[in-house]
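Participant: this is a predicted model, with the sequence first.
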Amino acid sequence: MRRRFPLPNGFPFNPRRQAFEARIAQAHSFFDSGEFLQSAQLFEELGAIAEARNGPRAPRFYMQAGRGYLFARKVSEGMTLLEKGRQQFIQTGRSDVAARICFWLKDEAKSLGLAEQAEIISKWALKNTNANFTTPASAPHPQLPLKCPSCGASIHPNDVNWLDNSTAECEFCGSSLRAS
């Protein structure tokens, strides 16, 4: 008789992981179709789940939720979640990731007519930036797909974890992204 072992959480075909990734894809789909409030609420829920599991993606989900709330014109909720995600990145020693996200978020806030919030986000970007940090525009990388094929997240080449010279990791679902 063959003994069956349970699949680990990180196994690619784990049904729980697939369901979680489907919810990430749904949240991105909401955002892309202009349903910002639904996207923000779902990303906030995903952040809470990831945080309860001590998952490393919780700050990313909270920052994406904050972004969705800003686009939905729920500015107070958005700024609260952006700060929560930023603080979690800092607490886990990833202040450089928070700074990179804040650099492009400040431009989005400006484009939304949120000058005061853009200034706050800009200060956040500079506050915990170490001396070796370079702004996203100064680090060229190979062309990645515009969207993650697994979860549908928008890919920002300067805001991903590069595994080697041609492979990056999606910050939302952990899938490998190959440069073309």
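Facilitator: Here it is on my side, so go on.
Participant: can you say which helix or strand has the spatially most central residue of the chain in it?
Facilitator: By Cα atoms, centre = their mean, the chain has its centre lying nearest to residue 60, at 3.5 Å. Assigned by DSSP states H and E, residue 60 belongs to helix 58-71.
Participant: ok, back up a step: which non-adjacent residue is nearest the residue nearest to the centre of the chain?
Facilitator: Nearest non-adjacent residue to residue 60, counting by Cβ to Cβ, 6 or more residues apart in numbering: residue 171, 5.2 Å away. Placement of C-beta: from N, CA and C, glycine included.
Participant: contact partners of stretch 107-120?
Facilitator: 67, 70, 71, 75, 78, 79, 106, 121 (Cβ atoms under 8 Å, 6 or more residues apart in numbering).
Participant: next, count neighbours for the first one.
Facilitator: Using other Cβ atoms under 10 Å as the criterion, residue 67 is surrounded by 25 other residues.
Participant: dump the residue contacts of it.
Facilitator: By Cβ under 8 Å, 6+ apart, the residues touching residue 67 are 40, 78, 82, 105, 108.
Participant: least confident secondary structure element in the chain?
Facilitator: Taking mean pLDDT, DSSP states H and E as the measure, the helix or strand of the chain with the lowest value is strand 161-162, at a mean of 78.
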